[in-house]
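K.L.:
mind folding the following:
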Amino acid sequence: MTISYLPDLPKRKLPIMIIGAGSIVKDAHLPAYQIADFEVVGITNRNRSKAEELASQFKIAKVYNTLEEALPVLPPDVVFDLTLPANFFAEYLRKLPDGALVLIQKPMGETMEQAQEILQICREKKLRAAINFQLRFAPFVIAAKNMIDQGIIGDLYDMEIRINVQTPWEHFEFLKNVPRLEIVYHSVHHIDCIRHFLGNPHGIYAKSIRHPTLTSMPESRSAMILDYGEEVRANIQTNHFHAYGAKHQESYIKWEGSKGAIKAKMGLLMNYPHGVPDVLEYCVKNSKGEYEWEEVPFKGSWFPEAFIGTMAQMMRVHEGSDSSLCTSVEDCIHTMACVEAAYASSRQGGVAPTSFLTKK
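P.N.:
The predicted structure follows:
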């Protein structure tokens, strides 16, 4: 049995222009591009000193004061890597040349209105645009998809994502003043990952709440059920305030099928940003007819290696090796619709048990 966990790379690597110089660029985008030997030909940021710092650290050829300054001198087949906060996406997409290749950092806007605006701009300008939902390209997710596509665990009928960790929100300066947090900036990855395996759900039940010790922050703990009918279960549980040591922290994706199961430990989210090792295991019946768990060897992690896959796919579509973008804006608008449905469900609340009590 051969299990692949690596993304498909392009035959010809295209130059990259990065717009933004935040922590995600430093910790994930640029390290991933170094591993893949992708060339970053330029970078720009509203705070030029941040761009200069990254240019020095990662040997980027040119720092531009603005995107407008860069556009006349960039190669015609450059891939734009848009990594600004989501509420700036529409403004910068309008500045790009028609037909440009652009990889947009997730989420696809902070609201459904922003997501629809981004989609409309991409359609009007005929941008070949994808959203950087890179969890789809994490090595353990590629491997799990490969195993499921081979039929190793049979028909998939149960998928669960559980996060119970201590997340250092202070690492993400741009999140200080956002109106919505956990679902749109974190669990959006989990929703998108479930869609990657199961397609679009019929509906979503959700509740997302604040933590009592940090009421100034928007919601930071969520519970979601994605409705796939009467036989398929898909759940997401997240708690970012488990501050009681590492022993009972959890961070995993679990797939169950008619023949077996797969479980991936996402070590990145534990002891973030340092993380702990990822683990991928699967369980099927052995020669004795007994279920037995076996570890699947692989290299790499969500950060930074998954960021290779999203950028590589942009280049493969350009050269014709792939027919379509896996995380195109046309696909990912459905992920954002799921996000909006989750927030709507959280606002509406559940059914009150008292409504079933007989009044005397």
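
K.L.:
can you name the element that comes right after the helix or strand of the chain with the lowest mean pLDDT?
P.N.:
Every helix and strand of the chain was ranked by mean pLDDT, DSSP states H and E. The lowest is helix 23-24, at a mean of 92. Next in sequence after helix 23-24, counting helices and strands by DSSP states H and E, comes helix 30-36.

K.L.:
contacting residues around that next one?
P.N.:
9, 13, 16, 18, 38-40, 54, 57-58, 304-308, 311-312 (CB atoms under 8 Å, 6 or more residues apart in numbering). Yep, even glycine has a C-beta here, placed from its N, CA and C like the rest.

K.L.:
now that helix: how far from the chain's centre is it?
P.N.:
When C-alpha coordinates are averaged (CA atoms, centre = their mean, to the nearest Å), helix 30-36 and its chain have centres 17 Å apart.

K.L.:
extract the CA atoms of the helix or strand that comes right after that helix and return them as CSV.
P.N.:
Where DSSP H and E defines the elements, the next helix or strand beyond helix 30-36 is strand 40-44. These are the backbone C-alpha positions of strand 40-44, laid out as CSV (Å, rounded to 0.1, in the frame of the first residue of the first chain):
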residue,chain,number,x,y,z
VAL,A,40,9.9,35.6,-4.1
VAL,A,41,10.8,38.5,-6.4
GLY,A,42,9.2,41.2,-4.3
ILE,A,43,7.4,42.2,-1.1
THR,A,44,5.5,45.3,0.0
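
K.L.:
so what does strand 40-44 touch, helix or strand wise?
P.N.:
Helices and strands touching strand 40-44, as assessed by 3 or more CB pairs under 8 Å, 6 or more residues apart in numbering; DSSP states H and E, comprise strand 16-19, helix 48-58, strand 63-64, helix 67-70.

K.L.:
can I get those in TSV with distance to S324 and mean neighbour count?
P.N.:
Listed next are those as TSV, based on distance: least, CB to CB, whole Å; neighbours: other CB atoms under 10 Å:
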stretch	distance to S324	mean neighbour count
strand 16-19	21	26
helix 48-58	30	16
strand 63-64	31	20
helix 67-70	27	15
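
K.L.:
take the ones you listed and lay them out in JSON lines including distance to A337 and mean pLDDT.
P.N.:
Output for the helices and strands packed on strand 40-44, formatted as JSON lines (distance: least, CB to CB, whole Å; pLDDT from 0 to 100):
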{"stretch": "strand 16-19", "distance to A337": "26", "mean pLDDT": "98"}
{"stretch": "helix 48-58", "distance to A337": "34", "mean pLDDT": "97"}
{"stretch": "strand 63-64", "distance to A337": "35", "mean pLDDT": "98"}
{"stretch": "helix 67-70", "distance to A337": "29", "mean pLDDT": "98"}
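
K.L.:
tell me which of the ones you listed sits nearest to I152.
P.N.:
Closest to I152 of the helices and strands packed on strand 40-44 is strand 16-19 (CB to CB; 35.6 Å).

K.L.:
which strands border the closest one, and is each parallel or antiparallel?
P.N.:
For strand 16-19, the paired strands and their directions (DSSP bridges) are strand 40-44 (parallel), strand 79-82 (parallel).

K.L.:
return the most buried member of those.
P.N.:
Comparing these by mean neighbour count (mean count of other CB atoms under 10 Å), strand 79-82 comes out on top with a mean of 25.

K.L.:
please state the offset of that one from the chain centre?
P.N.:
Worked out by CA atoms, centre = their mean, strand 79-82 lies 16 Å from the chain centre.

K.L.:
and for stretch 130-142?
P.N.:
6 Å.

K.L.:
can we start the residue count at 715 from this point?
P.N.:
Happy to do that; since the first residue is 715 now, the last one works out to stretch 844-856.

K.L.:
quote the end-to-end distance of stretch 968-984.
P.N.:
Start-to-end span of stretch 968-984 (CA to CA, to the nearest Å) is 17 Å.

K.L.:
mind listing what's buried along that stretch?
P.N.:
Residues of stretch 968-984 classed as buried under the neighbour-count rule (16 or more other CB atoms under 10 Å) are 968-971, 974-984.

K.L.:
P932: which of those residues is nearest?
P.N.:
Checking the buried residues of stretch 968-984 one by one against P932 (CB to CB), the nearest turns out to be L983, at 19.0 Å.

K.L.:
which pLDDT value goes with that closest one?
P.N.:
L983 is assigned 93 on the pLDDT scale.

K.L.:
mind listing what it touches?
P.N.:
Going by CB under 8 Å, 6+ apart, the list of residues near L983 reads I877, V879, T881, S965, G989.
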